[in-house]
Every structure is written in structure tokens, then in C-alpha cells.
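**Q** make a model of this:
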Amino acid sequence: MTTEQRPAAPDATSAAAAARALNEGAAAGEAVVGGSTATVEETATVTKTAGAAQTADSATDPDPTTVQQVGTVSLGEAARRSWHRWASHINDPRLPPVPKTPHWWSLHGVGAWFGVIFYSWSMSASLLPRPWYLQALATGICVALGYGVGVSIATLLRRLGFSPDWKASRRRWAWIVLAVVTAVVVPLAFFLGGHAQTVTAELVGMPVDNRWFHVLAIPVAALVAVALIGLFRALIQLGKIFARFGSRFVPVLPAKIFGTVTAVVVAVLLVQDGVLPGILAVGGRLAAQTDQADVPGVEQPVEPERSGSPDSLVDWDGMGRNGKVFVAGGPTVDELEEFSGEPAMTPVRAYAGLETSDDLREVAATVVAELAREGGFDREVLAVATTTGSGWVNEAPSTSLEYLHNGDTAIAAMQYSYLPSPLAFIADRGTPENAGRALFEAVYAVWDQMPEDSRPKLVVFGESLGSYGGQAAFSGVDDMAARVDGALWIGSPNFSEPWGRITDERDAGSPERLPVVDGGDHVRFVDTPDGLPDLGPWEAPRIVYLQHATDPVVWWSPDLILRQPDWLKEDLAPSVNPDMQWYPFVTFWQVTVDMVFSIDMPDGYGHSYELGTVDSWAAIVPPEGWTAADTSALREWVAAPGA
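**A** Below you'll find the model as predicted:
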């Protein structure tokens, strides 16, 4: 009997019971045909029960699957019957059918136009040159976003009543025009994009790749776009199914809102509680294994001024990979004396790894104990360095400071994660801040109790995620200037504080990429260190923010999606391609992709900071009698091969 022929149920309760019974009867019939372990008698029992359910209340009838057939129905059959029972709630013939999502090969006209526009934008200039496969990834994402934006705009206009009735001939011509435009735009944008990449590479001192090899970016980008559009359509279809289910209980409009919200929540939960934890779990295991691996050429130090030595409170095997590199590195006494021509001291390097304790405060306390044992509080300069996610300390600022003061220095650092910086930031943004505060406060508590005329100059520094975590120990510029004798923050991520507040509150007329704060009295932002004296004499303590105009880590922000930043409204730096423009959605993904290889750029560009640290430290805490000529000599010495 079809749906139209079946008489209407007298009330909602009996109708639901009838639907349930019919589904169970159908399931039982399938079981007999399919060779189920259920017997013919059991099938008859189920059929009679289904017939009785049409006239009796379903709440009083025993479920034949759970009462009469226990031990005789297979697990697979029980699962099928349960599925049919729950499917009846969604596949109710009284509800309107679920609108079908177009086939994967079909395209929305407006979405296709926007996809072509976003494709051309994705080929435009950005901060850094990109290999072809990263260009393909950025372009594929942008095309899919453009398609989604176009479809969304068309849908919104249709909901508002603007829905022109295009004739078939006009639609056909529209697609022909789109095909012609695409055939022109795709190669033209590719050619212009190749030229932009060449100019960008020359500006940052990178070799120019063979652009013909980049032709592969177009088909790969197409595959990425198709995959993303397919996922988006699957999400829409899921929302429609949820909306249809919700329409059983509420009106159509609230049901659609319910379906959309539910589908988005499900997708977010899958990514947040499924994909990301899986990536972090695998990455964490690999990072933990790497952290325990030996580093070729790195040997346990024997000097008592180094953590991990035989005299140390910290076990060498528990320091972690980057900790071992840090304490075993740096200039030797002979190298320091060769440069200075005067007697030198072995620089103090105090470090503790995650194996020390699960409590960051205890790890910090161990570092302070190491400083005391090694004589770090008796040196001329005491530096607190906040590491990156895996405990890495950039050798450039460390070595520069030690050469500057002929080894009369102490550097304290500690590990707070096994993960590299990108994964550490995704996994837990709060841990770098907690680590930066814990280490600084532990060192400061001892240093602050020392007589002012005999305690060392206290400075802080950090790079990238280390800059983000290290700055968290201070509420602002005034707090920083009150508690330290100098600070060097290198390549600060855009989400760092107080970097963000300082930049936003810059002096009127100063650019975002190089803000001026209080006329440069204590704080100065520089792209290249030779710009430090540009604002004239400045007072101590001195705080330097070293950030390149081409560093995507500094300029990446979610705000790039829908808002043009000031640094792209203002005059661009000489190192940035003058053709770079802001495009909604597209610029965000361009800068995101630029971050992948930003650390592999030549020194002075991208996220590569080496020689600039010499000039910065010479300006922040210069030794007595230090001159500009000494800075140039040290810069050349550090840059020499084998230094």
C-alpha cells in the first residue's frame, strides 16, 4: 500500500506506533530473505506484533527483538532493525524531501565568477616568494573561498527577493562568456604572478626559480579547490538533513537555523576534538622522541659554568635536544680572547628541561639554582631568555651578547614543551606565557634582593614564540622599563602583548610597521638595526623590537580576512614588493602560506634574524667605552665562516 492509499492514523501516538511496526516488519522480512539466523516462526511473531501495533498503544507492546527473540537474532540483524527504527524519524514520508546538493561536477554560475576573481588575486604579490606547491595550496583555498562567497551572495540576494528569471539562452551565453574570461584570466594571472614572484625573490635576495615548473600549481590548485568545495557541499547537505529532522518539532525557519548551526557545530567538533588532537598526539610523540635523540657533534660540557656538566644539578640526558645544543654551544674563552685581545671568562649558560619537573615553577627554580651554582648572579650582564616551543634558543643573540661583554655574562633559559612552535601554539597558547612569567619572576626575585651597586644588569630577550612568552611577564612598557635594564624582542608574533598595545598606541603619524613610542625615549622598533639611532639619543633602559617588514610571523593576523591592516595602507617598506595589495580572504591565506618557509630566508628578511642582534645588543647594554667601530668589527667577526 502506498503512502496515499494508507488511511490516516487516528492520532499521533497510533501513527507513530504504526510506522514503527511497519519498519520492524520490513526489517524482519529482509532478515528471512537475507539468510538471517531468525526463524520463520519468529518472523511471523514480528508480523503479528506489527499488526497489533496499529490498534494498540506502542508503549505497552513488548519489543519482539528484545523479549521474544533474545539469543536468536544475530548482532547484525539487531543493528539493522535499530537503524530502521531510528531512520523512520528522519525518513518520515509526511515530511518534505531533503533538497539534493548538486553533483560534484556542477557549478553555481555566480560562485564560478567569484572563483575566477579570487584565483587572479591569489597570484598577486605577497611578502615572500613561494614554491609552486605552496602557491597551489594558497590558490586552491582562495578559489574555493571565492566560490563559497559567490554562492552565499547569490543565495542572500535570492532570499531578499532579487531572483531574475534568466532564459536558457542567456544562461548559455553567460557560461560561454565565463569560459572565455577564464581562458584569458588563468594564463594572464599566472604570468603576472610569476613576474611578481620574481620581483619578490630579488628583493629578499633569493634565487629565481624556473617559472615553467610552476605550471603544476594550476592543476594542483584545481584539485584542492574541488576537494574543499566538495567538503563544503557535504556540510550543507548535513545541515539540510538536520533541518528536516528538526521540522518535526518546530516551524521551517527555526528548523533551518537549527540544521545549519548543528552542522557547523558537528564540523567544528570533528576538527577540534578529532583532527587536531590526532595531529597533536602524533606530533607530540614524534617531537618527544626527537627531543631525546642525540645531536651529532654536540658533547656534554665539562665547564662548571654550564648546566648538564658533571658539576651541574641538571642531568645531561634530561636536558632535551635543544637544551643540549644551547649549553654546549657559544664561544669559548680562546675565541673570546682572540676577538677582544683581553682575558675573557667562560659565559654562564643555565638551562633545565621538561624532564626536571612537571611544574613550570619548579623547572624555573632549578634554573635559578643553576645560576647561583655557576656564578651567574656575579656576572656583568644577566639575561633571561624565553625559548620557543621545543626549548630552542637562537644562538645569534646569545653569542652576540657574550662576545659583546667578553664572556662576563649569564643566560638563563628553560624548556616548556616538546612541540615545535606552530604545534605548541595550537596545543596551548597559555604555556609559553606561563613559562615566560615563571622564569623571569624566579630570577627577578633573587636579583631584586641584591645590592644595587653589585648586582648585574638584568636584560630579557626572546624570538618568535619566545618573544610572545617573554613579554607576558610585563604589563606594559612602564613595567618593563621599571624592572629590567634592557630588552630585545625579535620577530614578535602579531598576537603578542604588550607588543599589540604598544603598536596601537604609537605616536600619531608613525607607521604600523615601525611605530614610534613617546618619541623613542625608551622603546624603538627597527627593521634593520642601523635605524636605531634615527630618533636621536635615547635613555636607558632601552627596549628594542626587531621586526622585518617581510616577516609574515609578525604580520599574520585573523583580521587580515576582512580588514586591511595599516601596514598595507601605508607606504610599503623597500624590501616589500610594491605591487602587494590587500584582498579580502586572499591576503590572509597568502601571509599564512608565507610563514611556512619564512625562517629559511636570507638573514635580514622573513623570520631570519642573525646579524641584527649584534647592533641591537650594542645599543641596549654596551660595555664601557664601546664604539660604533667595535660594533662593525663584531658584526664582521660573527658573520665570518666558522664563527
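**Q** measure residue 610 to residue 604 for me?
**A** 8 Å (Cβ to Cβ, to the nearest Å). Using the backbone N, CA and C atoms, a C-beta is placed for each residue, glycine as well.
**Q** mind listing what's buried in the strand or helix carrying residue 423?
**A** Using DSSP states H and E, residue 423 sits in helix 421-427. Using 16 or more other Cβ atoms under 10 Å as the burial criterion, the residues of helix 421-427 that qualify are 421, 423, 424, 425, 427.
**Q** and those residues as a markdown table, adding distance to residue 253?
**A** Listed next are those as a markdown table, based on distance: Cβ to Cβ, whole Å:
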| residue | distance to residue 253 |
| --- | --- |
| 421 | 46 |
| 423 | 42 |
| 424 | 44 |
| 425 | 40 |
| 427 | 40 |
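**Q** between these, which is closest to residue 445?
**A** Comparing these against residue 445 with Cβ to Cβ places residue 424 closest, at 26.3 Å.
**Q** how near is the closest one to residue 499?
**A** Residue 424 is 18 Å from residue 499, by Cβ to Cβ.
**Q** just the mean pLDDT for stretch 124-143, thanks.
**A** Stretch 124-143 shows a mean pLDDT of 94 in the predicted model.
**Q** got it, and stretch 422-435?
**A** Stretch 422-435 carries an average pLDDT of 82.
**Q** can you give me the end-to-end distance of it?
**A** End-to-end distance for stretch 422-435: 17 Å, by Cα to Cα, to the nearest Å.
**Q** please enumerate the helices of the stretch 451-600 of the chain.
**A** 465-471, 477-483, 499-504, 552-555, 566-569, 586-594 (DSSP state H, counting those that start in this stretch).
**Q** relative to residue 179, how far out is residue 172?
**A** Counting by Cβ to Cβ, the gap from residue 172 to residue 179 is 11 Å.
**Q** ignore what I typed, I meant residue 611.
**A** 53 Å.
**Q** those two - which one has more neighbours?
**A** For residue 611 versus residue 179, the count of surrounding residues by other Cβ atoms under 10 Å is larger for residue 611: 18 against 11.
**Q** do you know the pLDDT at the more buried one?
**A** 85.
**Q** for it, grab phi and psi.
**A** Main-chain dihedrals, residue 611, degrees, to the nearest 10: phi -70, psi -20.
**Q** which ones are touching it?
**A** By Cβ atoms under 8 Å, 6 or more residues apart in numbering, residue 611 lies in contact with 396, 603, 604, 635, 638, 639.
**Q** switch the cut-off to 6 Å
**A** 603, 635, 639 (Cβ atoms under 6 Å, 6 or more residues apart in numbering).
**Q** neighbour-wise, which of these leads?
**A** Neighbour counts for the contacts of residue 611 (other Cβ under 10 Å) peak at residue 635, which has 19 neighbours.
**Q** a strand runs through it, doesn't it?
**A** No. Judged by DSSP: H, G, I helix; E, B strand; the rest coil, residue 635 forms no part of a strand; its state is helix.
**Q** for residue 251, state which of the buried residues of helix 421-427 is nearest.
**A** Nearest to residue 251 among the buried residues of helix 421-427, with distances taken as Cβ to Cβ, is residue 427, at 42.6 Å.
**Q** ok, back up a step: between the helices of the stretch 451-600 of the chain, which one is closest to residue 130.
**A** Closest approach to residue 130 among the helices of the stretch 451-600 of the chain is made by helix 586-594 (6.0 Å; Cβ to Cβ).
**Q** and the next helix or strand past that closest one?
**A** Using DSSP H and E, the helix or strand that follows helix 586-594 towards the C-terminus is helix 612-620.
**Q** in that next one, what counts as buried?
**A** By 16+ other Cβ under 10 Å, the buried positions in helix 612-620 come out as 612, 613, 614, 615, 616, 617, 618, 619, 620.
**Q** of all those, the one with the weakest confidence?
**A** residue 612 (91).
**Q** who's in contact with that residue?
**A** Taking Cβ under 6 Å, 6+ apart, one finds 529, 546 in contact with residue 612.
**Q** check residue 355 too.
**A** By Cβ under 6 Å, 6+ apart, the contact set of residue 355 is residue 318.
**Q** and what of the one 10 residues further on?
**A** Contacts for residue 365 were tallied using Cβ under 6 Å, 6+ apart; they are residue 442.
**Q** did I read that right, it in a strand?
**A** No. Looking at residue 365 with three-state DSSP, it is helix, so not inside a strand.
**Q** tell me the spacing between it and residue 471.
**A** Taking Cβ to Cβ as the measure, residue 365 falls 22 Å from residue 471.
**Q** now do residue 134
**A** Separation of residue 134 from residue 471 (Cβ to Cβ): 30 Å.
**Q** what do you get for residue 216?
**A** For residue 216 relative to residue 471 (Cβ to Cβ), the value is 42 Å.
**Q** neighbour count: the two, which is higher?
**A** Of the pair residue 216 and residue 471, residue 471 is the one with more neighbours under other Cβ under 10 Å, namely 27 against 13.
**Q** can you map out the strands along the chain?
**A** 348-352, 381-386, 409-414, 457-463, 486-490, 523-526, 542-546 (DSSP state E).
**Q** want to throw those strands into TSV with distance to residue 232 and mean neighbour count?
**A** Shown next, in TSV, are those (distance: least, Cβ to Cβ, whole Å; neighbours: other Cβ atoms under 10 Å):
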stretch	distance to residue 232	mean neighbour count
strand 348-352	47	31
strand 381-386	40	28
strand 409-414	44	28
strand 457-463	38	26
strand 486-490	39	27
strand 523-526	41	24
strand 542-546	40	25
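**Q** my guess is residue 432 contacts residue 467. True?
**A** No. Between residue 432 and residue 467 there is no contact under Cβ atoms under 6 Å: 9.5 Å.
**Q** any stretches of the stretch 301-450 of the chain with poor pLDDT?
**A** Within the stretch 301-450 of the chain, the set of residues satisfying pLDDT under 70 is empty.
**Q** so where do the helices sit in it?
**A** Under the criterion DSSP H, counting those that start in this stretch, the stretch 301-450 of the chain contains helices at 321-328, 333-340, 360-374, 395-404, 421-427, 430-447.
**Q** what's the most buried one of these?
**A** helix 321-328 (a mean of 24; mean count of other Cβ atoms under 10 Å).
**Q** what packs against it?
**A** Packing partners of helix 321-328 (3 or more Cβ pairs under 6 Å, 6 or more residues apart in numbering; DSSP states H and E): strand 348-352.
**Q** tell me the confidence at the residue lying closest to residue 202 once chain neighbours are set aside?
**A** Spatial nearest neighbour of residue 202, excluding adjacent residues (Cβ to Cβ, 6 or more residues apart in numbering): residue 208 at 6.9 Å. Here, the pLDDT recorded for residue 208 equals 77.
**Q** repeat that for residue 247.
**A** 78.
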